[in-house]
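Visitor: no sequence on this one, just coordinates:
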């Protein structure tokens, strides 16, 4: 997710390749006819009246907010977009981490300007440092952080502590691709959570999607050159969710070709996330506030209206009364006015955002 800016729009000759890839994935994972039936069933129905914001939503924000490219006018526009919605957390990209897990101060040299501005313009909204990197397993690999290396994991913990000293309210970790079952990632979270909590911060993570059918992660890993997969098993998602304060499911880039199927897929993912995350963990479902056309994504299918409808359906069926729930909007610099209108009208209609008391900033 942190690297989506590296994608480019599909050239006309690549569209056929994208559809071939989608078709191949469907054949390898589950019978196509069954997939259609199941996802259409999840997409059916009307969500209940109470399936709206709980005031626990989040917004992923690009690096320009902390490197000097944004100014006071941008901050005023941000405040206007966020005010009156359910957004409580801003995930501000303060990295990326270096391949050894360290973090260069120059990457977030204007962080305090942003933190002070948000505290002034959006009281009650938290700002988390979004830290990410591509990872490898079993040793170093070009352009990746070796997750199995204890030294790299220790450096990530140290980098996170530094972000809290700067004044961020928490750390939002986004490492990809994470293999389902990775013990190295769990070890990192077990060290990182107490380090963040000791300074009164919140620890959140961006998670992979959850197996839509049993063994989807294993099937995808078997045909991948390096074992990577977009899914986690139900049990591994639960293991991650028990170790953090907040999970944000990256419920986009789903290979679904039609809007109705995407709506059903998001509804299913919402149900699975609510079923397997503990009641003490905030569950956020990602909304696609971007419009790129890639081999894994059809923008006419992955729309904000479909995502919000799917989230509401899944919430209504699984745990309509759950308060520790929200949506996360990806990403601020690619969002259109239409995306914001749908978020407000379809998700923020009946319940207003509820602010929280900010912890004092470290001088």
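Guide: Alright, I've got the coordinates. For clarity, every value in this text was computed on a predicted model and none was experimentally measured.

Visitor: when you work out contacts or count neighbours from here on, use the C-alpha atoms and nothing else.
Guide: Noted.

Visitor: what lines up beside the longest strand seen in the chain in the sheet?
Guide: Across the chain, the longest stretch assigned as strand under DSSP state E is strand 126-136. If you go by DSSP bridges, strand 126-136 pairs up with strand 87-93 (parallel), strand 145-146 (parallel), strand 170-176 (parallel).

Visitor: residue 141: neighbouring residues, count only.
Guide: Applying other C-alpha atoms under 10 Å, we find 12 other residues in the vicinity of residue 141.

Visitor: what bridges to it?
Guide: residue 144.

Visitor: hang on, the earlier thing: quick one: the strands paired with strand 126-136 as TSV, columns for mean pLDDT too.
Guide: Output for the strands paired with strand 126-136, formatted as TSV (pLDDT from 0 to 100):
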stretch	mean pLDDT
strand 87-93	98
strand 145-146	97
strand 170-176	97
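
Visitor: between these, which one is nearest to residue 322?
Guide: When these are compared by C-alpha to C-alpha, strand 87-93 sits nearest residue 322, at 16.6 Å.

Visitor: ok, and what's touching that closest one?
Guide: The set of residues external to strand 87-93 that reach it, using C-alpha atoms under 8 Å, 6 or more residues apart in numbering, is 55-63, 65-66, 124-131, 172, 353-356.

Visitor: pull out the buried residues from those residues.
Guide: 55-63, 65-66, 124-131, 172, 353-355 (16 or more other C-alpha atoms under 10 Å).

Visitor: and the helices in the protein?
Guide: With helices called from DSSP state H, the chain shows them at 15-29, 32-43, 72-82, 111-121, 150-166, 183-197, 216-223, 234-241, 259-276, 304-319, 337-342.

Visitor: any chance of TSV for these, columns mean pLDDT, mean neighbour count and distance to residue 247?
Guide: Shown next, in TSV, are these (pLDDT from 0 to 100; neighbours: other C-alpha atoms under 10 Å; distance: least, C-alpha to C-alpha, whole Å):
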stretch	mean pLDDT	mean neighbour count	distance to residue 247
helix 15-29	49	15	26
helix 32-43	80	16	22
helix 72-82	98	14	21
helix 111-121	98	17	22
helix 150-166	98	19	17
helix 183-197	98	17	12
helix 216-223	64	18	19
helix 234-241	98	20	6
helix 259-276	98	25	9
helix 304-319	98	24	15
helix 337-342	98	14	22
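
Visitor: export these to a markdown table and tack on distance to residue 290?
Guide: A markdown table is the format used below for these (distance: least, C-alpha to C-alpha, whole Å):
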| stretch | distance to residue 290 |
| --- | --- |
| helix 15-29 | 18 |
| helix 32-43 | 22 |
| helix 72-82 | 16 |
| helix 111-121 | 23 |
| helix 150-166 | 27 |
| helix 183-197 | 28 |
| helix 216-223 | 25 |
| helix 234-241 | 25 |
| helix 259-276 | 15 |
| helix 304-319 | 9 |
| helix 337-342 | 9 |
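
Visitor: got the angle between the longest strand of the chain and helix 111-121?
Guide: Angle of strand 126-136 versus helix 111-121, following axes from the mean of the first three to the mean of the last three C-alpha atoms, to 10 degrees, is 140 degrees.

Visitor: please state the offset of strand 126-136 from the chain centre?
Guide: The chain centroid and the centroid of strand 126-136 are separated by 10 Å under C-alpha atoms, centre = their mean, to the nearest Å.

Visitor: show me the contact partners of it.
Guide: With contacts defined as C-alpha under 8 Å, 6+ apart, strand 126-136 is touched by 2, 88-99, 115, 118, 143-148, 163, 168-178, 202, 358.
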